[in-house]
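In: sequence and predicted structure are below.
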Amino acid sequence: AKKTVNIDHHISNAKGCGDHNYIFPEASSTSELVYELVEEEMLDADIAAALYIGIVHDTGVFRYSCTAPKTLMAAAKLIGTGSRDWWRRPFLRKPMCRTRLWAGRC
């Protein structure tokens, strides 16, 4: 590529490595930063799902200290974009072996 864009939230990347750097270590996730950059009318259910899953996983399902009020507001807006069902699936499904492992039977 003739130009590179570096979007990150890791402090170890504070100097950046792209021609354009969008680095905010105080952000919860790179997905939150991308959400801030995407114009609202460009968000569809697929983009919203990908960004939501990225935020959820980087925040430990909103348990880590990097979770801020703006993180939760972004997540709420992403949930409101499209289907009301997609955002639950990754967390409600548990493979049977994992369930048995937690029960000590795998």
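Out: Yes, it's here.

In: by mean pLDDT, flag the weakest helix or strand of this protein.
Out: Here the helix or strand of the chain ranked lowest by mean pLDDT, DSSP states H and E is helix 89-92, holding a mean of 58.

In: give the contact list for Val34.
Out: Ile7, Leu51, Gly54 (Cβ atoms under 8 Å, 6 or more residues apart in numbering). (C-beta placed from N, C-alpha, C; glycine too.)

In: for the record, mean pLDDT for the longest helix seen in the chain?
Out: When the chain is parsed with DSSP state H, its longest helix is helix 45-58. For helix 45-58, mean pLDDT rounds to 91.

In: check which helices and strands that helix is in contact with.
Out: helix 30-37, helix 69-79, helix 89-92 (3 or more Cβ pairs under 8 Å, 6 or more residues apart in numbering; DSSP states H and E).

In: got the CA coordinates for it in CSV?
Out: Coordinates of each C-alpha in helix 45-58 appear next as CSV, following Å, rounded to 0.1, in the frame of the first residue of the first chain:
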residue,chain,number,x,y,z
ALA,A,45,-25.8,-5.4,11.0
ASP,A,46,-22.7,-7.2,9.9
ILE,A,47,-20.3,-4.3,10.7
ALA,A,48,-22.1,-3.7,14.0
ALA,A,49,-21.8,-7.4,14.9
ALA,A,50,-18.1,-7.4,14.2
LEU,A,51,-17.4,-4.2,16.2
TYR,A,52,-19.6,-5.3,19.1
ILE,A,53,-17.8,-8.7,19.3
GLY,A,54,-14.4,-6.9,19.3
ILE,A,55,-15.4,-4.6,22.1
VAL,A,56,-16.9,-7.4,24.2
HIS,A,57,-13.9,-9.6,23.9
ASP,A,58,-11.3,-6.9,24.5
